[in-house]
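J.: coords please:
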Amino acid sequence: MPLLNGIVLIIKPRAFNRRFEIENLVSREGFILIDKKILTLRPEAAREIFQGRESRRDIDIIIREISRGKVMCLCIGGGKNIIPQWKYFQEKKKLRNDVYGSETEVDAEQEINAIFPNLLNRDFVNFSGAMATLVQSMDAETRNYLVRWVVPLLQDGISSMYRAEPDHHTKWLANWLRKHNPQDSDSEDE
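T.: Numbers count the residues shown, from 1 in each chain. All right, here's what the predicted structure looks like:
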């Protein structure tokens, strides 16, 4: 069982200028953005990400494509069937040539560890990188409010959600947030 129901998406250099559009499409489909980063990969670094898969006939093409310029790497989460959900979405939105997505759970875990080495922990998922990126662009008052009241609660809820592995992650998280509302005197512990 992987540590995280998540996969890596790599928006290739050919679609880098559409990275925000693609990220929004992914979010609107219900996938959860866990972390992201922009990289410029040399072929050697790209090979390390896909280490052990040299026998796949298309791996050299993928490595060549993602080594041509800047790429946006996303770690996204979802339900237990995230890989088939991603593949269906990728075909539906015609993203196959623009975005690489993890092919198997084993591949996903290897890619997450290679691209986001500090993301996984045996006890919880560290969402601080994604949250920090979002909060950085806000004014000081909004940032202080989010850091004090919203981010800690969301981190706890999302980490709990990944441990629970619910089929309907959005509904599960909404229920968890209602149960653990610090401003509600009726909130209960897990």
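J.: So for residue 121, what's the pLDDT?
T.: With respect to pLDDT, residue 121 has a value of 54.
J.: Which SSE is immediately downstream of the lowest-mean-pLDDT helix or strand in the chain?
T.: Here the helix or strand of the chain ranked lowest by mean pLDDT, DSSP states H and E is helix 128-136, holding a mean of 57. Note on helix 128-136: by DSSP states H and E, the next helix or strand toward the C-terminus is helix 140-145.
J.: and that following helix, what's its mean pLDDT?
T.: 78.
J.: after that helix, next one along is what?
T.: helix 151-164.
J.: Buried ones in stretch 35-55, by neighbour count?
T.: Buried residues in stretch 35-55, counted by 16 or more other Cβ atoms under 10 Å: 35-36, 41, 46-47, 49-50, 53. Yep, even glycine has a C-beta here, placed from its N, CA and C like the rest.
J.: quick one: least confident of the residues you listed?
T.: Among the buried residues of stretch 35-55, residue 35 has the lowest pLDDT, at 82.
J.: Spell out the residue ranges of the strands in this protein.
T.: Secondary structure of the chain (DSSP state E): strands at 6-11, 32-40, 70-77, 99-101.
J.: Among these, show me which one is buried the most.
T.: Ranked by mean neighbour count, the strands of the chain are led by strand 6-11 with a mean of 26 (mean count of other Cβ atoms under 10 Å).
J.: what's that strand in contact with?
T.: Strand 6-11 has contacts (Cβ atoms under 8 Å, 6 or more residues apart in numbering) with 18-19, 22-23, 26, 34, 66, 71-78, 82-83, 86, 98-102, 108, 111-112, 115-116.
J.: So what are the sheet partners of that strand and their directions?
T.: Using DSSP bridges, the strands paired with strand 6-11 in its sheet are strand 70-77 (antiparallel), strand 99-101 (antiparallel).
J.: about what we covered before: for the buried residues of stretch 35-55, could you give me TSV that also reports distance to residue 9?
T.: TSV is the format used below for the buried residues of stretch 35-55 (distance: Cβ to Cβ, whole Å):
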residue	distance to residue 9
35	11
36	9
41	14
46	15
47	19
49	13
50	14
53	17
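J.: Closest one of those to residue 139?
T.: residue 36 (22.0 Å; Cβ to Cβ).
J.: quick one: the closest one and residue 22 touch, right?
T.: No. Counting by Cβ atoms under 8 Å, residue 36 does not reach residue 22; the two are 11.1 Å apart.
J.: Find the residues that touch each one of these two.
T.: residue 72.
J.: got the CA positions of stretch 154-164 in PDB?
T.: Output of stretch 154-164 as PDB, limited to C-alpha atoms (Å, rounded to 0.1, in the frame of the first residue of the first chain):
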ATOM      1  CA  LEU A 154      -6.900  22.000   6.900                       C
ATOM      2  CA  GLN A 155      -3.600  20.200   7.300                       C
ATOM      3  CA  ASP A 156      -5.000  18.000  10.100                       C
ATOM      4  CA  GLY A 157      -8.100  17.300   8.100                       C
ATOM      5  CA  ILE A 158      -6.300  16.400   4.900                       C
ATOM      6  CA  SER A 159      -3.700  14.300   6.700                       C
ATOM      7  CA  SER A 160      -6.600  12.400   8.400                       C
ATOM      8  CA  MET A 161      -8.300  12.000   5.100                       C
ATOM      9  CA  TYR A 162      -5.200  10.400   3.600                       C
ATOM     10  CA  ARG A 163      -5.000   8.000   6.500                       C
ATOM     11  CA  ALA A 164      -8.700   7.100   6.100                       C
END
